[in-house]
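Undergrad: can't give you the sequence, but here's the structure:
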């Protein structure tokens, strides 16, 4: 059903400090976006994306999104329905079909499951 973890988004009120923590504490190489609103860390085949205000609510800190790639979003929806759960609607963005899962179904984590079928 799910192929891989793609991106974990983390909100931070101080992007420079958060990037420094990932570099100093974990030895990661942090790539800062040109617009200064985000930075990313590659971990294996996944990415930790650090996001700062104004892209996020400045009072929020911590995980704000978990992005998973699936073979087929329609199958994910079918599996949710078979389990008696409402998976939500699909939107198309940047050539991806994205299913937004209600955070109540994912331990209060904003969860996005996508495939690359347009």
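TA: Here it is on my side, so go on. On a predicted model such as this, the values are computed, not experimentally measured, just so you know.
Undergrad: any idea how far residue 116 is from the nearest residue to residue 71 once chain neighbours are set aside?
TA: With sequence-adjacent residues excluded and distances taken as Cβ to Cβ, 6 or more residues apart in numbering, residue 71 is closest to residue 3, at 5.9 Å. All C-beta atoms are positioned from the backbone trio N, CA, C, and that covers glycine. Separation of residue 3 from residue 116 (Cβ to Cβ, to the nearest Å) stands at 10 Å.
Undergrad: give me the common contacts of these two.
TA: When contacts are counted by Cβ atoms under 8 Å, 6 or more residues apart in numbering, residue 3 and residue 116 are jointly contacted by residue 69.
Undergrad: roughly how far does the closest residue to residue 62 other than its chain neighbours sit from residue 51?
TA: Residue nearest to residue 62 in three dimensions, not counting chain neighbours: residue 11, with 6.2 Å by Cβ to Cβ, 6+ apart. From residue 11 over to residue 51 the distance is 6 Å, taken as Cβ to Cβ.
Undergrad: what touches both of these two?
TA: Here residue 11 and residue 51 share the contacting residues residue 64, scored by Cβ under 8 Å, 6+ apart.
Undergrad: what comes up buried for the helix or strand hosting the residue nearest to residue 71?
TA: Following DSSP states H and E, one finds residue 3 within strand 2-11. Taking 16 or more other Cβ atoms under 10 Å as the neighbour-count basis, strand 2-11 is seen to contain the buried residues 6, 8-11.
Undergrad: for that strand, which strands pair with it and how are they oriented?
TA: Taking DSSP bridges as the criterion, strand 2-11 sits next to strand 46-51 (parallel), strand 62-70 (antiparallel) in its sheet.
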